[in-house]
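Trainee: Give me a 3D structure for the following:
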Amino acid sequence: MAQQKWMSKWTSLGLAVGIAMTAPAAQAASEWQINTSGTGASAATPITQLNIAGGGFVQIIPDFTDPTRFTFIEHGAYQAVQADGETPFGGSDLTVVYQVSGTGSFLDPYSLNFSTGLVTLYSDPVHDFGTAAGIYGANNGTAFATLAVTAGGLDPISGLVSVTTVITPGGLAPGYLFDSTGKDLSLTTGTKLQLGIFNQLSNPDELFVSEIVCELSGFSGAGCDGTPFANSPLSFTVQDGGFVLMQPVPEPLAVHMTLGGLALLGWVARRRRREHAALQTGN
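Mentor: Model (predicted):
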């Protein structure tokens, strides 16, 4: 796959493509309610899906004892948006900061295995996502939900990454998320969220490099050491857009997420495999 150029803004068409690629076909989306300000069900908005947009930085560390394998880690941030893909959703800014990691094989892009990670949701009365406030304007609000990554892998059909997370103990504050009847989901242990993402390789601006690549990810290479940032097969940025669905599931409280920010790991694996084959044939 050739590297695609950065899109300056997400459009409703781009988000529609993401939804078409990843929306579950076997079941209709459940209606739920969200109050981005956390003031309770009376001011919540009924929805069936929540659009999101943002970006991430992926790092791949080859295993020197087994050159065919690698460890990966991705850091990134999302913002809840309206259907146009760029207008903030809700009275308060709803943002997401995440970190996921695991292992994989350069020879088999479907061997991705997630081992750890953390996803945190924030509510911010100031709509400043994409600025230097906090980290990219994503973590300077009130943290109202924390989810721990427990497992995941690459779906061979959709090509997206499926990640299972669980709400950490006391990790969902009251007043933000509700079922269709207005019941606060902080009081229940049967909720499922599914996050579907459409993404592409990006050419980040200086702010994204400073905030996400350097500060959030702790990267110390190009872009963070006084030299210009440049994507490489082992470290690159992605721009994401997509949606969140919610459905009840059996206990314990769980969240099933599809994080397309790591879908490009499959592209990296295929590219590395082609490069390896070329070296073997002398091309």
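Trainee: Tell me where the stretch 51-200 of the chain is predicted with low confidence.
Mentor: For the stretch 51-200 of the chain, applying pLDDT under 70 flags the ranges 155, 158-163, 189-199.
Trainee: could you pull out the strands for it?
Mentor: 69-81, 93-105, 113-124, 142-154, 161-172, 177-179, 192-201 (DSSP state E, counting those that start in this stretch).
Trainee: Name every strand pairing with the fourth one and say which way it goes.
Mentor: If you go by DSSP bridges, strand 142-154 pairs up with strand 113-124 (antiparallel), strand 161-172 (antiparallel).
Trainee: Compute the number of surrounding residues for the closest residue to residue 79 other than its chain neighbours.
Mentor: Excluding its sequence neighbours, the residue lying closest to residue 79 (C-beta to C-beta, 6 or more residues apart in numbering) is residue 129, at 4.2 Å. For the C-beta atoms, the positions are set from N, CA and C on the backbone; glycine is no exception. Using other C-beta atoms under 10 Å, residue 129 is surrounded by 26 other residues.
Trainee: What of the one 10 residues further on?
Mentor: Neighbours of residue 139 under the rule other C-beta under 10 Å: 17.
Trainee: Who are the contact partners of the closest residue to it other than its chain neighbours?
Mentor: Using C-beta to C-beta, 6+ apart and skipping the chain neighbours, the partner closest in space to residue 139 is residue 97 (4.9 Å). Going by C-beta atoms under 8 Å, 6 or more residues apart in numbering, residue 97 touches 76-77, 119-120, 122, 135, 138-139, 216.
Trainee: Kindly report the same for residue 75.
Mentor: 56-57, 98-99, 212, 216-217.
Trainee: Show me what it is bridged to.
Mentor: Note on residue 75: beta-bridge partners residue 57, residue 99, judged by DSSP bridges.
Trainee: What separation is there between it and residue 39?
Mentor: Noted for residue 75: a distance of 30 Å to residue 39, by C-beta to C-beta, to the nearest Å.
Trainee: again, but for residue 167
Mentor: 21 Å.
Trainee: Between these two, which has more neighbouring residues?
Mentor: Between residue 167 and residue 39, counting by other C-beta under 10 Å, residue 167 is the more crowded of the two (20 against 14).
Trainee: is the more buried one in a bridge, and if so with what?
Mentor: Going by DSSP bridges, residue 167 forms beta bridges with residue 147.
Trainee: My guess is it contacts residue 150. True?
Mentor: No - with contact defined as C-beta atoms under 8 Å, residue 167 does not reach residue 150; the gap is 11.1 Å.
Trainee: Which residues are in contact with each of those two?
Mentor: Common neighbours of residue 167 and residue 150 (C-beta under 8 Å, 6+ apart) do not exist.
Trainee: count of neighbours near residue 98?
Mentor: 26.
Trainee: can you pull the contacts of the nearest residue to it once chain neighbours are set aside?
Mentor: Nearest residue to residue 98, sequence neighbours excluded (C-beta to C-beta, 6+ apart): residue 119, at 4.5 Å. With contact set as C-beta under 8 Å, 6+ apart, residue 119 has these partners: 96-98, 100, 146-147, 149, 165, 255, 257.
Trainee: Next one: residue 119 relative to residue 164, how far apart?
Mentor: Residue 119 is 11 Å from residue 164, where distance means C-beta to C-beta.
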